[in-house]
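> need a 3D model of the following:
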Amino acid sequence: MPINISSKLPAARTLAQEGIFTMPLERATQQDIRPLRIVILNIMPTKEQTETQLMRLLANSPLQVEVVLLHPATHISKNTPIEHLNAFYKTFDDIKDEKYDGLIITGAPVEQIPFEKVTYWQEMTQIMDWSRKNVYSTMYICWAAQAGLYYHYGIEKYPCEQKLSGIYLHKRTPNNWPLLRGFDDEFWAPHSRHSYVKKSDIQENPALEILCEFEDDGVYLVSAKRGRQIFVTGHPEYDANTLKTEYVRDIARGLDVPVPVHYFPDNDPSKPPVVRWRGHANLLFNNWLNYYVYQETPYDVKSIKNEE
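Predicted structure coming up:
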């Protein structure tokens, strides 16, 4: 089944070129099917790129998905034209009286700033509070995962000695969580951030469970409330060249950043990067949509209840 998006959205053209089936909203409204309604709070600076990355993953499913794009009203985007935001995005005030099957909150390059100092933190907390009783399952990505763990569970973030950037080998925990169904024992996934959460802090909270780890102490997937909240500390949605683009940008700014690990052949930035995380990314989003959204959300989405 297709993902339902505006035919005028730039991501629609990109997905069509890739052979991914999308359905214009005008046609979708004529079908007697209730699609899954997914909100994407996009706080990445490169919004158009992130839209395409996430919609590509949401479209790789037999479920029909209707996407609503959201941006913070309290933040002025420097990298996305206001015309694009006005045409394709809503703000929290536009949707706060509605209920949705799922919510995705993206990362943002603000992990070196204290949470309370982020310009849109108050709006972010309003949305996180709203999600607990108006969305069945929320997926937090990268900085948003740290923000959600901090706001809901008091889990602090800590600065990395140097930027964590590259493709890392992960291990799943030996359990039967549906989110991990089909995962290999070991898999690769991208990370790009300046801060981290401690494994020990999460283990001390009985409401949280670590599902996947990496390196010696790294945390990748955390679940709470029977999947009502999923925290992903990496960037499985990244395209082949996203880490390269970030690395080149940082070097151009004069920043002392490492070459992304396990990414360029022979660790040589002049060589095309190797993609080794795409299968995991698709499986992660498919499992989330199927087991934590489609199979759990009430058919009448208005009957979603507050998290217990």
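> longest strand of the chain?
Secondary structure assigned by DSSP state E gives strand 158-172 as the longest strand of the chain.
> now the angle from the helix or strand that that one is followed by to strand 158-172?
Using DSSP states H and E, the helix or strand that follows strand 158-172 in sequence is strand 186-196. Computed by axes from the mean of the first three to the mean of the last three C-alpha atoms, to 10 degrees, the angle separating strand 186-196 from strand 158-172 equals 170 degrees.
> so which residues make contact with strand 186-196?
107, 111-112, 142-143, 146, 157-160, 163-172, 214, 218-220, 233-236, 238, 242-243, 246, 260, 262, 276-277, 279-281 (C-beta atoms under 8 Å, 6 or more residues apart in numbering). In this view, the C-beta of every residue, glycine as well, is placed from N, C-alpha and C.
> at 7 Å what do you get?
111-112, 142-143, 146, 157-160, 163-171, 220, 234-236, 238, 243, 246, 276-277, 280 (C-beta atoms under 7 Å, 6 or more residues apart in numbering).
> and what of stretch 126-136?
Where contact means C-beta under 7 Å, 6+ apart, the residues beyond stretch 126-136 that reach it are 41, 92, 96, 99-103, 138, 148, 151-152, 228, 293, 296-297, 304, 306-307.
> stretch 93-105 too?
Contact with stretch 93-105 is made by 36-41, 54, 68, 70, 73, 130-131, 134-141, 144, 293, 297, 301-302, 304, as judged by C-beta under 7 Å, 6+ apart.
> in ChimeraX, select just the buried ones from the residues you listed.
Restricted to buried positions by 16 or more other C-beta atoms under 10 Å, the ChimeraX selection for the contacts of stretch 93-105 reads:
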select :36,37,38,39,40,41,54,68,70,130,131,134,135,136,137,138,139,140,141,144,293,297,301,304
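> the contacts of stretch 93-105 in helices, which ones?
Residues of the contacts of stretch 93-105 located in helices (DSSP state H): 54, 130-131, 134, 144.
> make TSV out of those residues and add distance to Val197.
Output for those, formatted as TSV (distance: C-beta to C-beta, whole Å):
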residue	distance to Val197
Leu54	22
Trp130	23
Ser131	20
Asn134	26
Ala144	12
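> can you put these in a markdown table and add pLDDT and distance to Ile210?
Below are the ones in helices among the contacts of stretch 93-105 laid out as a markdown table (pLDDT from 0 to 100; distance: C-beta to C-beta, whole Å):
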| residue | pLDDT | distance to Ile210 |
| --- | --- | --- |
| Leu54 | 96 | 24 |
| Trp130 | 97 | 26 |
| Ser131 | 96 | 21 |
| Asn134 | 95 | 27 |
| Ala144 | 98 | 18 |
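> give me the number of residues near Gly254?
6 (other C-beta atoms under 10 Å).
> and the gap between it and Leu221?
According to C-beta to C-beta, to the nearest Å, Gly254 and Leu221 sit 34 Å apart.
> from the centroid of the protein, which residue is nearest?
Centroid-nearest residue in the chain, with C-alpha atoms, centre = their mean: Ile141, separated by 3.8 Å.
> model confidence for that residue, exactly?
With respect to pLDDT, Ile141 has a value of 98.
> now for it: which residues touch it?
104-107, 232, 235.
> beta partners for Val135?
Counting by DSSP bridges, Val135 is bridged to Tyr100.
> got the phi and psi for Ala281?
Backbone torsions of Ala281, given as degrees, to the nearest 10, read phi -60, psi -50.
> give me the neighbour count for it.
Neighbour count for Ala281, taken as other C-beta under 10 Å: 24.
> how about Pro174?
By the criterion of other C-beta under 10 Å, Pro174 has 7 neighbours.
> Three-state assignment for Leu85, please.
State at Leu85, reduced to three classes by DSSP: H, G, I helix; E, B strand; the rest coil: helix.
> typo on my end, it should be Lys8
Of the three states, Lys8 takes coil under three-state DSSP.
> same question for Val274.
Three-state assignment for Val274 (three-state DSSP): coil.
> was I right to think it contacts Pro265?
Yes - with contact defined as C-beta atoms under 7 Å, Val274 and Pro265 form a contacting pair (6.2 Å).
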